[in-house]
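[1] predicted model follows, preceded by the sequence.
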Amino acid sequence: MNTKDLVKLSFYLSIFFVLDYVSNAFNFFRMPQGGVLGLGVIALMLAAYDMGWKKGLLVALVSVIVQNFVNPLYVVAFPQVFLDYIFAFGIYGLVPLFGPVWLGVISVNVIRFISHVLSGVLYFEAGWIASIIYNAWYMVPTLIVSLLIIPVLKIRLFK
């Protein structure tokens, strides 16, 4: 990885940190056992579109460590950490692989939602309906905000 890539990686992680901090500070759609409107994922998707999926995946995975500085991770078991953090945020690094921007944004958010629902059922002992409702509370707004912002920023920033 060259210096330019390291600077971009740091840049996107810094933006992620600020957006994640804002989401947590103002409690946008905050849930009691974790989950908040994910403004930070905007930086992760932009990183993937700008740097490609491999480096975007790296940014997305490192963002899990950065999240712990903003708000401590809610840990029950390692597989739950994988579903709720590593996989759920890592998927954002793969957004360019899903075709057109709108399809990529929808796909990665739906995959993250499914990952959180599975975690809720398997590790938080919630029923399927309860887990779907709980996670939809913040994932639907995250999807909507991402779907409105990412296509516009991608066009403006990466001509």
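    Right, received. Where do you want to start?

[2] what's the separation between the spatially closest residue to residue 38 that is not a sequence neighbour and residue 7?
    Distances taken as Cβ to Cβ, 6 or more residues apart in numbering put residue 142 closest to residue 38, at 4.1 Å, once the chain neighbours are dropped. Just so you know, the C-beta spots here come from the backbone N, C-alpha and C atoms, and that holds for glycine as well. Relative to residue 7, residue 142 is positioned 27 Å away (Cβ to Cβ, to the nearest Å).

[3] once you drop chain neighbours, what's closest to residue 116?
    Using Cβ to Cβ, 6+ apart and skipping residues adjacent in sequence, the residue nearest residue 116 is residue 135, 4.3 Å away.

[4] tell me the helices and strands packed up against the longest helix anywhere in the chain.
    In terms of residue count, the longest helix belonging to the chain (DSSP state H) is helix 128-157. Here helix 128-157 touches helix 41-51, helix 101-123, going by 3 or more Cβ pairs under 8 Å, 6 or more residues apart in numbering; DSSP states H and E.

[5] for the longest one, give me every contacting residue.
    Outside of helix 101-123, the residues within contact range by Cβ atoms under 8 Å, 6 or more residues apart in numbering are 35, 41, 45, 49, 76-77, 79-80, 83-84, 87-89, 91-92, 94-98, 126-128, 130-132, 134-136, 139, 142-143, 146-147, 150-151, 154.

[6] from those residues, keep the buried residues only.
    Among the contacts of helix 101-123, those buried by neighbour count (16 or more other Cβ atoms under 10 Å) are 35, 41, 45, 49, 80, 83-84, 87-89, 91-92, 94-96, 98, 126, 131-132, 134-135, 139, 142-143, 146, 150, 154.

[7] ok, the closest residue to residue 131 other than its chain neighbours - how many residues close by?
    Sequence neighbours aside, residue 120 is the residue nearest to residue 131 in space, at 3.2 Å (criterion: Cβ to Cβ, 6+ apart). Residues near residue 120, counting by other Cβ atoms under 10 Å, number 25.

[8] check residue 120 and give its pLDDT.
    Here, the pLDDT recorded for residue 120 equals 95.

[9] ok, residue 101 to residue 54 distance?
    In this structure, residue 101 lies at 19 Å from residue 54, with Cβ to Cβ as the measure.

[10] more crowded one of those two?
    For residue 101 and residue 54, the more surrounded residue by other Cβ under 10 Å is residue 101, and the numbers stand at 19 against 10.
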